[in-house]
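Visitor: just to be clear, the model below is a prediction. Sequence and coordinates:
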Amino acid sequence: MLRFIFAVGFAVLYLIVGIPVLGIEYLIGKVNPRKRDISSLRMVQWAFRVIMKICGVKASVVGYENIPKDEAVLYVANHNSYFDIIITYSMCPGLTGYISKASIGKIPLLNVWMKRLYCLFMDRNDVKQSLKIILQAAEQIKNGISICIFPEGTRGDSAEMMPFKSGSLKMAEKTGCPIVPIAIHNTRSIISDHFPVVCPIFFNF
């Protein structure tokens, strides 16, 4: 329970302290957008690694060296825990936007950082809006920004994957970008199975 409280406390503190940082990043972006994007990416990755350390989470990664470093890709991963986002994003080698559900885009400060990092918010109940998001994601890939999607559309209740949502791989079809499959194992055991208790754990992906 204490790990959960410390992790949430750190996340909230980061968002609050990050308010003036967002202003500085905005100014940097006026001169050098690329430098702004990379610095934002590295700051958030650092924060996510701190959260992992607070929670006692350690990862074993297989195949990281095979991820293309000189072009945008489409990451396709299974989804069993909010930690899937923290863990995968902390290891992205380059700029990467996530496709998230629309409700997350309404959280103050968090939504600002996510938009800064090219995340897109999809309303799964609105077919027209979902198609628009897929097209936007395809454009981002064309502009050198990788996209990560959880094609099941939501967090699963077990280790067994649910069917992919239609259109999940359209971005790769439209851009011809490489698809990087990610198999995440054991993240449900960190918190999902016994919320809000956080259990230190060693997991694989």
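Guide: Perfect, thanks for sending it.
Visitor: just the element for I147, please.
Guide: strand 146-149 (DSSP states H and E).
Visitor: chain center to the very next helix or strand once past that strand: distance?
Guide: Remark: after strand 146-149, the chain's next helix or strand is helix 170-175, criterion DSSP H and E. On the basis of CA atoms, centre = their mean, to the nearest Å, helix 170-175 sits 19 Å off its chain's mean C-alpha point.
Visitor: would you mark the buried spots in helix 170-175?
Guide: By 16 or more other CB atoms under 10 Å, the buried positions in helix 170-175 come out as 170-172, 175. Every C-beta, even on glycine, is put in place using the N, C-alpha and C of the backbone.
Visitor: tell me which strands and helices it is in contact with?
Guide: Applying 3 or more CB pairs under 8 Å, 6 or more residues apart in numbering; DSSP states H and E, we find helix 170-175 packed against strand 74-77, helix 127-142.
Visitor: find the helix or strand that the residue positioned nearest the centre of the chain is a member of.
Guide: Taking CA atoms, centre = their mean, the centroid of the chain lies closest to I85, which sits 4.2 Å from it. Taking DSSP H and E as the definition, one finds I85 inside helix 83-90.
Visitor: now that helix: mean pLDDT?
Guide: For helix 83-90, the mean pLDDT works out to 89.
Visitor: and I149, what does it touch?
Guide: By CB atoms under 8 Å, 6 or more residues apart in numbering, the residues touching I149 are 74-77, 98-99, 137, 168, 171.
Visitor: go through these and name the one nearest I54.
Guide: Each of these was scored against I54 by CB to CB, and Y98 proved nearest at 21.6 Å.
Visitor: quick check: buried residues in whatever helix or strand the closest one lives in?
Guide: Using DSSP H and E, Y98 falls within strand 96-101. Residues of strand 96-101 classed as buried by neighbour count (16+ other CB under 10 Å): 96-100.
Visitor: any chance of JSON lines for those residues, columns pLDDT and distance to G23?
Guide: Below are the buried residues of strand 96-101 laid out as JSON lines (pLDDT from 0 to 100; distance: CB to CB, whole Å):
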{"residue": "T96", "pLDDT": "95", "distance to G23": "24"}
{"residue": "G97", "pLDDT": "95", "distance to G23": "22"}
{"residue": "Y98", "pLDDT": "94", "distance to G23": "24"}
{"residue": "I99", "pLDDT": "92", "distance to G23": "27"}
{"residue": "S100", "pLDDT": "91", "distance to G23": "24"}
